[in-house]
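In: Give me the fold of what follows.
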Amino acid sequence: MRRLYEDILAIAKNYMGPAAEDYIRRRIRIVQAGRQPEEIEPDKLDRLAKGIEMSAGGYMSTAKSRAFQAEILALTQKYDPGEKPPGS
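Out: The predicted structure is shown next:
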């Protein structure tokens, strides 16, 4: 779901600036066992948020990493985890 990936990346850039893309691509690959980050599915958002919680603390304050995590989790309201993208 390319659109979901773009939303995740936009959120990450707000918190991490230029380092966001490398960071978020690595986190997504971990979450989905090496698949391309652009293919992330909504049902992976919980695991992605947990990974952010565990790792982002090394890059930013606890409050900022929690806000980052919360914005990622909020995407579940926009993307129904049970819904498959058109053409899949």
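In: Quick one: the helices in the chain, in order.
Out: Secondary structure of the chain by DSSP state H: the helices cover 2-16, 20-31, 45-55, 62-78.
In: who wins for proximity to Glu38 among the ones you listed?
Out: Comparing the helices of the chain by their distance to Glu38 (CB to CB), the top pick is helix 2-16, with 4.7 Å. For every residue, glycine as well, the C-beta is placed using N, CA and C.
In: what's near enough to touch Ala20?
Out: The contact partners of Ala20, by CB atoms under 8 Å, 6 or more residues apart in numbering, come to 9, 12-13.
In: Which of those sits closest to Lys64?
Out: Relative to Lys64, and with distances defined as CB to CB, the nearest of those is Ala12, at 12.0 Å.
In: Let me know how buried that closest one is, in neighbour terms.
Out: Each residue near Ala12 was counted by other CB atoms under 10 Å, and the total is 23.
In: That one: what's it in contact with?
Out: Counted by CB under 8 Å, 6+ apart, Ala12 has contacts 20-21, 23-24, 68.
In: Go through the contacts of Ala20 and name the one nearest Ile40.
Out: Among these, Leu9 lies closest to Ile40 (CB to CB), at 10.3 Å.
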